[in-house]
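>>> next one to model:
(chains A, B, C, D and E)
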Amino acid sequence: MFGVLRGMGITFKNFVASYFLPRKPNSLETGGMVTLQYPEERLPEKERFRNFPFLIYDTKPDDLRCVACDICAKECPPKCIYIVRDNDEQGRPLKKPKVFDIDFTVCMNCGICEEACPFDAIFMDHEFEVGGPERQQSLVYHMDQLLKPATHFAKIRPTDHVAIEEKRRKEAEKKRAAAQAQPKPPEAKPPQA
Amino acid sequence: MLPILAKLFIYGVLFLSLVAALGVVLLPNIFHAALCLVGTLLGIAALYLALQAEFIAVVQVLLYVGAVMTLVIFAIMLTHRIGDMTIPQTNKQSLPACLALFAFVVLIGGLLLKTDWSILVGTGGSVASVNPPVDTFMLGKALLGEYVFPFEVVSVILIAGLIGAIVVARKD
Amino acid sequence: MLIPLEHILIFSTLLFAIGVYGVLVRRNVVGILISIELILNSVNVNLIAFSRSNALDPVMGQVFAIFVITLAAVGATVGLAIVLALYRIKRTVYTDEINLLKW
Amino acid sequence: MIDEPVLHDTDTLEVNLGPQHPSTHGVFRMNVKLEGETIVSLKPIMGYLHRNHEQIAENMSYLGSMPYTDRLDYFNSMSNNFGYALAVEKLANIEVPERAQYIRVIMAELTRLVNHVSVIGFLLNDLGAFFTPILYAFREREKILDIFEEIAGSRMMCNYLRFGGLKLDLPPSVLDRIKKIVQGFPKFLDEFEGLLTKNEILCMRCQNVGILPYDLAVSASITGPMARASGVNYDIRKIDGYSIYNRLKFRVPLGKVGDVYDRYMIRILEMRQSVWILEQVLKEIPEGPIINPKMAAFAKAPRNFKPPKGEAYGRVEAPKGELGFYLVSDGTPQPWRYHVRAPSFINLTVLEDLCIGHKVADAIIILGSIDIVLGEVDH
Amino acid sequence: MIFLDQIFVNSKKAILNLASAFLPTDAILIVSALISIGAIAAFGPFTMMYLTWFERKLVGRIQNRIGPNRVGIFGLLQPIADGIKMLTKEDIVPAGADKVVHFLAPVVVVIPALLVFSVVPFGRNMVAIDLNIGLLFFLAVSAMTTIAIFMGSWASRNKFSLLGGMRTVAQLVSYEVPMVLAAVPAILASGSLSTVDIVEAQGGWNGLKWFVFTPWGFVGFLMFYLCGVAECNRTPFDIPEAESEIVAGFHTEYSGMKFALWYMAEFMSVFTISALTATLYLGGYQGPWLPSWAWFMIKTYALVFVMMWFRGTLPRLRVDQMMGLAWKFLLPLTLINILVTGLWYFTSGLGLRLGLSIGILLVSSWVLVLFNRPYMPEKRVYEFAE
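Just a heads-up that it's a prediction; the model follows:
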């Protein structure tokens, strides 16, 4: 009897508190109320949040960082990445993908492609409101949908952006120094971080 | 106008009760039959209301519909098997029973129609009753005064029936 | 009384006849029990109808109707208990399959 | 009809509880025979969520299985990561830096809080409380999941641990928020207990229902809070003292009866112990590297990680019981054999013994108190 | 004051006066009946719609949520949106179902739920029919719900439905007995079965002489309310439709508007049970200052609030515990309560009356608790291993 009454007191306290302690909008702090009115209000985005991958380009979409090395496709645990390397007119392979598809119905957002990529070309996006009217077609993202500028990356993950820019700058310097020292450039080898 | 409507209503109820009663004995599915019985009982309760016997009407609903029928349906559920739909639900006595009962109804009905009921209900047959309607107060007084002995006997029977039912239906 | 007494009596006669038909014809014990309820109700209809005439002490009819209802309830209870016991032992509720005069 | 025995059941009813049933915690099926409401036999049927986890892992690099372990028991991905990382570290003999050890323990204990609090919420839902306890539980769980999201990038599928350390260091100021949560948690537990522990209806429903005797618990190799509720003093954190647990002070609550109520209470008490552990760890957490530099080299090329030939069994005290990973390496980038000892699955084996003789409603709460996650049962 | 108090009665009278100008006397009677019927038929479903809103809002607040808030201001149009959704849903009838009965059951269940509104005194002179057996009528008619639920559960041909139906019957039949007995003290005290008379008997002390302020009245109120909660299948007695055990009990196989009818019956009975509890023990429409119907609504909705509060707090009982509570605790206690009520009226002197009745009730409930010891919670102590 008394246990029941105490429980009812607690629920009543919560009932009253929900009226007097509203949730602060757009914040993790909760008052008496926990509901967030989702489409209008959103939680602050966390920098490390990962959802589906995107391909990064520096200035214009043609000049993307991806060299179609296929490492991400190999390392992807559910094997949701499909890459075809581009060829030039003579049929020689180019360092850029012709086809780069990611099946978002299969992707499990683990972020291993981002970790494994030696060229910092693929990153996990914050975009999570993807959805389609049918089961698969609209959720297989092609290269034009996946390509996003580096500024987007700088916006969603500023800390990582700074670190990666720093790393790329250093690498470029090293390469330039090496090129100056040795006229013949060494064969492209995936650098290990 | 109002009495005519009321009369029509009562006759309608009586007719529906009879249809439901036929359903009780004729429907192959015993569960449907029991539901038809509920209909009949409600119709009879409506008749009681029309006869200004509200207490009996309410007791009819409370006891029959609320308790007895629940029990019956429970028993049907416990003894119902899937194959029951295909088994014939009537035995071979249907035709003789039908004839005999038809004769019975014709006989009694003729008798009833022939009898002059004016001694009981006053002349004209359908005028409002001579007796005032029995209210709950009178009924209560009668039950606990004049009829207190049968009342007690009935309660003893109820207890006996209760215990008997438990003893018979218990699993051991 | 809005409708003639004899009409109510005929109604109860018909109800009685239907009830008896059910008792005679139904194979299912539960069916027989609910037919008996019909018969008891036809009796009740008579009792109430007469109580509203000036033939009797008006209370008596209603008191007896109450007794009948109560006893019908008792009857149904015990009857259904027997049906359950029967079903448990014989696995049937059809009267013509229960013809051995023993459990 | 002649051959049948003399006494027939009037009311045995065979009911399939599940696989689409609101409280089988996923796609789990119980084939129940009822007499009235009492259970006379119960056959658990599982496998509806089988995803071939072990075979997939045997065709994948060691790191590739890490996100799959998240999906074993999707309530506690951190603990699963922990178990798998321990197994691989044992296999390849990898040292883990101090700070990483501490963060791992913080994550494991936070996961325990998440799991226990939501399990109790679900149990109450099974008992028929209309979502109130579970929503109070989720209110707290959200705070911890927000932390996980901030640290690892995902709320539930963390994929945070790496062999020899962690994927990333803690972001700044997260430690303070964890401290705040840990400080506030006892208060929440008090409220939660006030709502539930002394509630007569809960006591009536849970006490002396689904008793798991000590001997059965031992012989059926039940682990985790379920075993401890039956009085089995078996906590891998104490026995193995893995990671830094041997340095931490905590106590193991033990029940006497082993019924649903004891399982509930043991979880509450374990949460209080976890809060204690967290307080110690948060006070002592050192600075330093978060991953063994030897292993950091493999981050960009997981396929180059080839443990030496051999076998290893790494186990942790996951919130549901002993979670073990058994690995056999043949020197290739893929494990030759990968086996999961899933606590939910093994704890579920005693379900029929617990349920027989109880009512349907009890079967549901017994299942709820066993605390299964179908992702782990069917892996 | 009087104007406000009688505003609905007078407006009905005004309509009738208006009608009598060009209609015969017989027709006026019919019009009068139609007005009452129309008022109830509109009020019942309207109450149901807004009780769903009320419950969702309230339970939401208890759980630190907002509840419906998208459709209309404060989500006030949510019930209408739900209604439209229900109407447009596919009406599914299981293949093995008994189609006629499956269709009839939700219809049948709504009828008694609506009928009982006719004897509820909403305010002074605001009762559709003042039957002299009003209370009995209420109980009898609500007993018909059992049959309807049984029909639904049987016709669905679903084992969960069947289990739910069996549980329902067991529960409703068991709780009807203590419920009737718990109402007896009020009947004894007022000397009438008519709901209006019962309310009028509580009119003393400026409209505050409610039965609940006497010891037997308090116990009777608690018992009646508890049984009422069980009668309309609400938590902690929602065993017939326990969603975690038997999916949804008797309405597992219902969808669309039929399902809405089941819900309508349930919520209307929530309202009527609360209304009847208020009528019997909380003085119905009696009360100072406010108009009578306002008092009635305040009391009824307070009781409805408590029912929903129960729902937000309590887990449900098990079948045998629920039956045990009815037969081993409530039934004896209600019987003793009747005895105490009799004693109250045969003794004189406030001290003696109070002492005797409180004493008997306390001792008997303590004895009953002792008898029900197997159902009492145990205290547990836990060891810690290092």
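>>> drop to CA atoms for contacts and neighbour counts, all remaining ones
Fine.
>>> got the confidence number for B:Val153?
Note for B:Val153: predicted pLDDT of 90.
>>> got a list of what it touches?
Not one residue lies near B:Val153 by C-alpha atoms under 8 Å, 6 or more residues apart in numbering or on different chains.
>>> so it is in which element?
helix B:148-169 (DSSP states H and E).
>>> kindly report the same for E:Gly359.
helix E:350-371.
>>> neighbouring contacts of stretch E:170-183?
Contacts for stretch E:170-183 (C-alpha under 8 Å, 6+ apart): B:66-67, E:139, E:143, E:146, E:220-221, E:223-224, E:227-228, E:230-231, E:240, E:280, E:322-323, E:326-327, E:330-331, E:334-335, E:337-338.
>>> what lies in contact with whatever helix or strand D:Leu175 lives in?
Assigning secondary structure by DSSP H and E places D:Leu175 in helix D:174-196. Contact with helix D:174-196 is made by A:3-4, A:6-8, A:10-11, D:133, D:136, D:140, D:143-144, D:147, D:150-151, D:202, D:268, D:272, D:275, D:278-279, D:282, E:313, as judged by C-alpha under 8 Å, 6+ apart.
>>> sorry, back to before: now the buried members of the contacts of stretch E:170-183.
Neighbour-count burial (16 or more other C-alpha atoms under 10 Å in any protein chain shown) applied to the contacts of stretch E:170-183 gives B:66-67, E:139, E:143, E:146, E:220-221, E:223-224, E:227-228, E:230-231, E:240, E:280, E:322-323, E:326-327, E:330-331, E:334-335, E:337-338.
>>> any regions of the chain where pLDDT drops low?
Because you didn't say which chain, this covers chain A. A:1, A:23-32, A:182-193 (pLDDT under 70).
>>> my question was about chain E, not that one.
In chain E, residues with pLDDT under 70: E:1, E:243-244, E:374-376.
>>> and the residue of it that's closest to chain C?
E:Val173 (13.9 Å; C-alpha to the nearest C-alpha).
>>> A strand includes that residue, no?
No: counting by DSSP: H, G, I helix; E, B strand; the rest coil, E:Val173 falls outside a strand, being helix.
>>> what residues are up against C:His7?
No contacts exist for C:His7 under C-alpha under 8 Å, 6+ apart.
>>> now the helix or strand harbouring it - C-alpha only, PDB.
Using DSSP H and E, the element containing C:His7 is helix C:5-25. Provided in PDB are the C-alpha atoms of helix C:5-25 (Å, rounded to 0.1, in the frame of the first residue of the first chain):
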ATOM      1  CA  LEU C   5     -53.000 -10.500 -21.700                       C
ATOM      2  CA  GLU C   6     -53.700 -13.400 -24.100                       C
ATOM      3  CA  HIS C   7     -51.100 -12.200 -26.500                       C
ATOM      4  CA  ILE C   8     -48.500 -12.400 -23.800                       C
ATOM      5  CA  LEU C   9     -49.700 -15.800 -22.800                       C
ATOM      6  CA  ILE C  10     -49.500 -16.900 -26.400                       C
ATOM      7  CA  PHE C  11     -46.000 -15.600 -26.600                       C
ATOM      8  CA  SER C  12     -45.100 -17.500 -23.600                       C
ATOM      9  CA  THR C  13     -46.700 -20.600 -25.000                       C
ATOM     10  CA  LEU C  14     -44.700 -20.300 -28.100                       C
ATOM     11  CA  LEU C  15     -41.600 -19.800 -26.100                       C
ATOM     12  CA  PHE C  16     -42.400 -22.900 -24.100                       C
ATOM     13  CA  ALA C  17     -43.000 -24.900 -27.200                       C
ATOM     14  CA  ILE C  18     -39.700 -23.800 -28.700                       C
ATOM     15  CA  GLY C  19     -37.900 -24.600 -25.500                       C
ATOM     16  CA  VAL C  20     -39.400 -28.100 -25.400                       C
ATOM     17  CA  TYR C  21     -38.500 -28.600 -29.000                       C
ATOM     18  CA  GLY C  22     -35.000 -27.700 -28.200                       C
ATOM     19  CA  VAL C  23     -34.800 -30.100 -25.300                       C
ATOM     20  CA  LEU C  24     -36.200 -32.900 -27.400                       C
ATOM     21  CA  VAL C  25     -34.100 -32.300 -30.500                       C
END
